[in-house]
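# Got a predicted structure plus its sequence, pasted below:
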Amino acid sequence: MTIPELYDKLADKDFQEYTTGQLFFPAYMYMYDAKREREIEHEIADIQSRLRRPNNYLDVMVLDIFEELLVFLDGQGFGNAPSKLHFYLEHEGRKPEAVSTGVREAAYSEEFMQQLEGTIQQHLMEAKQYEVAYVFMQGFGRAFPYVRVSRFMANFEKHIHGFKLIVFYPGTTNGNYQLFGELQDEHLYRAIKLINEEP
């Protein structure tokens, strides 16, 4: 599916209701070649703008999982450091494995899931004038190796309500998902419906 076809899918009235499709897990994947990362970011912004126009009047929230993780870590106190983020940045060179473990634990924590949900729900409350809500989630390539889509989605599933989640995944699938087309990911919990897989 091309980006124009994705736009047509999201603009389709039959697809917009968040209780249709994957009824108990309204999350979808859009897969693309990781080499197109910058291009995809521009196209995501274009889709967001086009869906908000009066002929569609649809709300689209774009979240970058990597940026959201940094915000979360920066808001967590840690000993004498201003935040966990500052602590990890300071100690990354000396204790890379310990820092990597700490960041991964934070990325899959219920506290981070709740903060993401709170951010989304606050946005939905402020965008009630729109007819429907999509949440686009990008940045999984930049968040590697701290965040893997499979485990993240397994943890975030119970927080998906009132919107449809579109995950932009820089990779391919051949049974299991492969980040960047090379790194094996775990099987996605509840088998998210694929919107796209480019050759």
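Sure, I can see it. Residues are numbered from 1 along each chain as shown.
# need the helices for this protein, in chain order.
In the chain, the segments counted as helices under DSSP state H are 3-11, 13-16, 37-52, 65-74, 84-91, 96-107, 110-126, 140-143, 149-156.
# orientation of the last one relative to helix 110-126 in degrees?
Helix 149-156 and helix 110-126 meet at an angle of 70 degrees, taking axes from the mean of the first three to the mean of the last three CA atoms, to 10 degrees as the criterion.
# What is the lengthiest strand in the chain packed up against?
Looking across the chain with DSSP state E, the single longest strand is strand 164-174. On a contact count with 3 or more CB pairs under 8 Å, 6 or more residues apart in numbering; DSSP states H and E, strand 164-174 meets strand 27-32, helix 37-52, strand 133-138, helix 140-143, helix 149-156, strand 176-179. (Glycine included, C-beta is placed from N, CA and C.)
# thinking again about what came up before, averaging pLDDT over each of the helices of the chain, report the lowest-scoring one.
If you rank the helices of the chain by mean pLDDT, helix 13-16 sits at the bottom with a mean of 80.
# Pull that one out as CSV, backbone CA atoms only.
What follows is helix 13-16, C-alpha atoms only, in CSV (Å, rounded to 0.1, in the frame of the first residue of the first chain):
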residue,chain,number,x,y,z
LYS,A,13,-15.9,6.4,6.4
ASP,A,14,-16.2,2.6,6.8
PHE,A,15,-12.7,2.5,8.4
GLN,A,16,-12.9,5.5,10.6
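# rewinding a little: TSV please, covering the helices of the chain and showing distance to Lys164 and mean neighbour count.
TSV is the format used below for the helices of the chain (distance: least, CB to CB, whole Å; neighbours: other CB atoms under 10 Å):
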stretch	distance to Lys164	mean neighbour count
helix 3-11	9	16
helix 13-16	8	13
helix 37-52	12	15
helix 65-74	17	18
helix 84-91	30	16
helix 96-107	23	15
helix 110-126	11	15
helix 140-143	18	19
helix 149-156	13	19
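# Any idea which of those helices gets closest to Val132?
Smallest distance to Val132 across the helices of the chain (CB to CB): 4.4 Å, for helix 13-16.
# Distance check, the residue positioned nearest the centre of the chain against Val167.
Nearest to the geometric centre of the chain sits Met137, at 2.7 Å (CA atoms, centre = their mean). Counting by CB to CB, to the nearest Å, the gap from Met137 to Val167 is 5 Å.
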